[in-house]
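Undergrad: Sequence below, structure please.
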Amino acid sequence: MLRPIIEFCTSNMHFGTDEIMSRLEQNPDYDVIEYGCLSNCGQCNAEPYAMVNGEIVSADSAELLYEVIISKIKEAEAWDQLDLD
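TA: Model prediction:
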């Protein structure tokens, strides 16, 4: 199974996503990447967001975003498991 890739935009950090990024970096099974820009400026200005395996995920707060990211990773892992069966 591939490691989840979680990407963050530096310009989105004012929503508190920097703290979420730091938490996720503690997990050695995740690849966490910070970019200066992810070219989603409208979304970036409106709400906390990240990209999980190339798919945009967002939430009303940074803490909720963490939960959405974890949920998206678990969903991908479940699909990977189905593919292996």
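
Undergrad: packing partners for the longest helix anywhere in the chain?
TA: Ranked by residue count, the top helix of the chain under DSSP state H comes out as helix 62-84. Counting contacts by 3 or more Cβ pairs under 8 Å, 6 or more residues apart in numbering; DSSP states H and E, helix 62-84 is packed against helix 17-25, strand 49-52, strand 55-58. (C-beta placed from N, C-alpha, C; glycine too.)

Undergrad: With respect to burial, which of the ones you listed scores highest?
TA: Among the helices and strands packed on helix 62-84, strand 49-52 has the highest mean neighbour count (mean count of other Cβ atoms under 10 Å), at a mean of 22.

Undergrad: Which elements pack onto it?
TA: So strand 49-52, by 3+ Cβ pairs under 8 Å, 6+ apart, packs with strand 5-9, helix 17-25, strand 55-58, helix 62-84.

Undergrad: closest one to A46 among those?
TA: Of all the helices and strands packed on strand 49-52, strand 55-58 sits nearest to A46, with 8.3 Å by Cβ to Cβ.

Undergrad: chain center to that closest one, what's the gap?
TA: How far strand 55-58 lies from its chain's middle: 7 Å, per Cα atoms, centre = their mean, to the nearest Å.

Undergrad: low pLDDT regions in this protein?
TA: 1, 83-85 (pLDDT under 70).

Undergrad: is it true that P48 touches F15?
TA: Yes. If you go by Cβ atoms under 8 Å, P48 and F15 touch, sitting 3.9 Å apart.

Undergrad: Let me know the angle separating the longest helix of the chain from helix 17-25.
TA: 40 degrees (axes from the mean of the first three to the mean of the last three Cα atoms, to 10 degrees).

Undergrad: Identify the residues contacting helix 62-84?
TA: With Cβ atoms under 8 Å, 6 or more residues apart in numbering as the test, helix 62-84 has contacts from 1-2, 4, 6, 15-17, 19-20, 23-24, 30, 48-50, 52-53, 55, 57-59.

Undergrad: Now do it: distance to the chain's middle.
TA: 10 Å.

Undergrad: Then stretch 27-42?
TA: 7 Å.

Undergrad: picking up where we left off before, mind checking which of the helices and strands packed on strand 49-52 is nearest E34?
TA: strand 5-9 (5.1 Å).
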